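S.K.: Here's a sequence, model it:
(one chain, ligands or ions: 1)
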Amino acid sequence: MKLKNKIDFRETLPTEIVSERIILRKPILKDVNDLVKNGNEKELSYLTYYLPYPLNKKEAEKLILENQTNKELIRFAIFLKKNKEVIGLLDLHNWKRGETTPVLHSHQPQVSSPRLHTSKQFSATFLQNASAGGKVKIGYWIGKEYRRKGYVSEIVPKVIEYAFNELKVEKIIAKVLIDNIASQKLLEKFNFVKTKIVPGDKFLDGKRVDTISYELNRK
Ligand SMILES: CC(C)(COP(=O)(O)OP(=O)(O)OC[C@H]1O[C@@H](n2cnc3c(N)ncnc32)[C@H](O)[C@@H]1OP(=O)(O)O)[C@@H](O)C(=O)NCCC(=O)NCCS
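M.R.: Residues are numbered from 1 along each chain as shown. You can find the predicted model right below:
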């Protein structure tokens, strides 16, 4: 058990995801000013329900350092190539690795041997691509001036690929406030399916707000 806690499986993962206009990479302390510039917004704090408002340098630093300590979190800085600015963050969080199941394969022996001819050979191998029960949550935000330019649509398909092929999860989950139409449309654009509405799930700005859960399953 102790050993399991010490292993940081994130160290085995690719650290960058590159698309046409964006690089997703680990956030570093030098990103603090960009995060404050783009993340210090009251409505953004409400919509993400995790970003503090105001978002000052100290809080931005915490967001960066959290990525080093929380092994269930893979936090990417959304780095815009053209002006070299970190315009937001994309999280894959609550990463639950599934069980990689040994499967028995039966096959005929390759070498012709009278002794082996009568029986099939069995060998245990590990499924390369399935991790039963594995899942991860996705979350994202970008600064106001960068919204509605297709940036997050550009990276989401790559992130989906990363979650299924590198994290080997079976399911990607998202939870969105009922009044966050942009995020709902974004998820639906990439075939996430609504699974439930939780009335009054979050307590924000002094009132209870409903959330909608979405899922995308490995094909
Ligand atoms: C949600 C968010 C990440 C979308 O990023 P984006 O780069 O602006 O999104 P895109 O430009 O790629 O648009 C993707 C789709 O979302 C929908 N969309 C985006 N902004 C929208 C808006 N203001 N109103 C309605 N639909 C919107 C559209 O359907 C769009 O697809 P289309 O242009 O093909 O019609 C961004 O609006 C944001 O950072 N919002 C605040 C934080 C947030 O809500 N995070 C999610 C918490 S669950």
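
S.K.: can you list the residues of the chain near the ligand?
M.R.: Residues of the chain lying close to the ligand by C-beta under 6 Å from any ligand atom are 44, 47-48, 139-142, 147-153, 176, 180-183, 185-186, 189. Using the backbone N, CA and C atoms, a C-beta is placed for each residue, glycine as well.

S.K.: Run a quick neighbour tally on the residue nearest to residue 54 when sequence neighbours are not counted.
M.R.: What sits nearest to residue 54 in space, not counting adjacent residues and going by C-beta to C-beta, 6 or more residues apart in numbering, is residue 40, at 5.6 Å. By other C-beta atoms under 10 Å, the residues close to residue 40 number 18.

S.K.: Same question for residue 64.
M.R.: Using other C-beta under 10 Å, residue 64 is surrounded by 20 other residues.

S.K.: Assess the claim that it and residue 29 are in contact.
M.R.: Yes: using C-beta atoms under 8 Å, residue 64 is in contact with residue 29, at 6.0 Å.

S.K.: Please flag which of the residues of the chain next to the ligand sit within strands.
M.R.: Among these, the members falling in strands (DSSP state E) are 139, 140, 141, 142, 176.

S.K.: a markdown table for those, including distance to residue 53 and neighbour count?
M.R.: A markdown table is the format used below for these (distance: C-beta to C-beta, whole Å; neighbours: other C-beta atoms under 10 Å):
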| residue | distance to residue 53 | neighbour count |
| --- | --- | --- |
| 139 | 16 | 19 |
| 140 | 17 | 20 |
| 141 | 12 | 23 |
| 142 | 16 | 23 |
| 176 | 19 | 23 |
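
S.K.: Which pair in these has the greatest spatial separation?
M.R.: Largest separation among those by C-beta to C-beta: 142 and 176, giving 15.4 Å.

S.K.: Name the residues of the helix or strand containing residue 213 that are buried.
M.R.: Using DSSP states H and E, residue 213 sits in strand 207-217. If you call a residue buried by 16 or more other C-beta atoms under 10 Å, then strand 207-217 has these buried ones: 209, 211, 212, 213, 214, 215, 216.

S.K.: quick one, what contacts the fourth one?
M.R.: Going by C-beta atoms under 8 Å, 6 or more residues apart in numbering, residue 213 touches 173, 174, 175, 194, 195, 196, 197, 198.

S.K.: repeat that with 10 Å
M.R.: Neighbour list for residue 213: 137, 173-176, 192-198, 201 [criterion: C-beta atoms under 10 Å, 6 or more residues apart in numbering].

S.K.: ChimeraX command for the buried members of the residues you listed?
M.R.: In ChimeraX syntax, the buried subset of these is picked out as below (16+ other C-beta under 10 Å):
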select :137,173,174,175,176,192,201
